[in-house]
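Trainee: Sequence plus the predicted model coming up.
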Amino acid sequence: MNFLVRQKARELLKSGNIQLKNSPISLRNKFLGKGKKVTVVTAAYNAEKFIRKTIESVINQTMGMDQIEYIIIDDCSTDGTNKIIQEYTAKFKNICSVTLQENNGSPGTPRNIGIELGTSKYITFLDADDWLAHDGLESLYNILEETGDDYVVGKTVKVESGSESVIGEFASIKERRSITPMDVPHFFYHMGPTARMMNLSMVKENEIGFPNMKFGEDKWFFTDVFFKVRSVSTTKKPIYYINRT
């Protein structure tokens, strides 16, 4: 993908057609704010049933909310999603809310807005109906800091009524450090955004982004990531819970 993949996100941020609160790139945060360790990006659309649990899972991370930059993009929801987001934006200055006036039909552009606004060393993505393990961010962050790798993936657990199962188990079946993506069997089979953290400057400098597609935008993004990373790590620790209840 070329630089145009994030162009729509840039244009929206420059336009007057969005509502932006607690922007990480505002003058106040640039000069007075303390740098955060991790940027978490959530693209939300009509998620009022679950998004409170999603947000709480970020707030209650063992890393400490003061070390997290949380960017939530509401893609023109028609239910009470935005009202819930604004509750948390009012309480936490490091929760940034972006309210779009027109639905994109894809999480691609909303996630790209999060990339554009992110200022932390690392970035991760969290869907609006899922949640993180209590120590999920700290586990991934510590591995990246220890290894200097560009990318790390942990265990994704799918939660269904009365059962749990592991998604893409080959990527989280054992601890691996500082290897290439090619060294992980079937590493390219599961390329969703769950349970992974990556170097934000690597994403930005290589103009990596999500195409605004209804299906398959994750594969485009992570294919580009894998061609740019120098080394990756994997961990057996549960990091991310996909809600299928």
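Mentor: Okay, I see it. Note that this is a predicted model, so its numbers are computed, not measured.

Trainee: where's the residue of the chain most remote from its centre relative to residue 238, distance?
Mentor: Relative to the centre of the chain, and counting by C-alpha atoms, centre = their mean, the farthest-placed residue is residue 162 at 27.1 Å. According to C-beta to C-beta, to the nearest Å, residue 162 and residue 238 sit 18 Å apart. All C-beta atoms are positioned from the backbone trio N, CA, C, and that covers glycine.

Trainee: before we move on, what about residue 92?
Mentor: Per C-beta to C-beta, residue 92 is found 25 Å from residue 238.

Trainee: Compare those two and say which is more crowded by neighbours.
Mentor: Per other C-beta atoms under 10 Å, whichever of residue 92 and residue 238 has more neighbours is residue 238, with 20 against 17.

Trainee: In contact with that one, which residues?
Mentor: 133, 136, 154-155, 157 (C-beta atoms under 8 Å, 6 or more residues apart in numbering).

Trainee: Give me the neighbour count for the nearest residue to residue 186 once chain neighbours are set aside.
Mentor: Of all residues not flanking residue 186 in the chain, residue 170 sits nearest, at 4.5 Å (C-beta to C-beta, 6 or more residues apart in numbering). Using other C-beta under 10 Å, residue 170 has 14 neighbouring residues.

Trainee: out of the contacts of residue 238, who has the most neighbours?
Mentor: residue 136 leads these on contacts (other C-beta under 10 Å) with 26 neighbours.

Trainee: close enough to count as contact, that one and residue 240?
Mentor: Yes: when contacts are counted by C-beta atoms under 8 Å, residue 136 is listed as touching residue 240 (6.4 Å).

Trainee: Touching both of those two, which residues are there?
Mentor: Contact criterion C-beta under 8 Å, 6+ apart; residues shared by residue 136 and residue 240: 154, 195.
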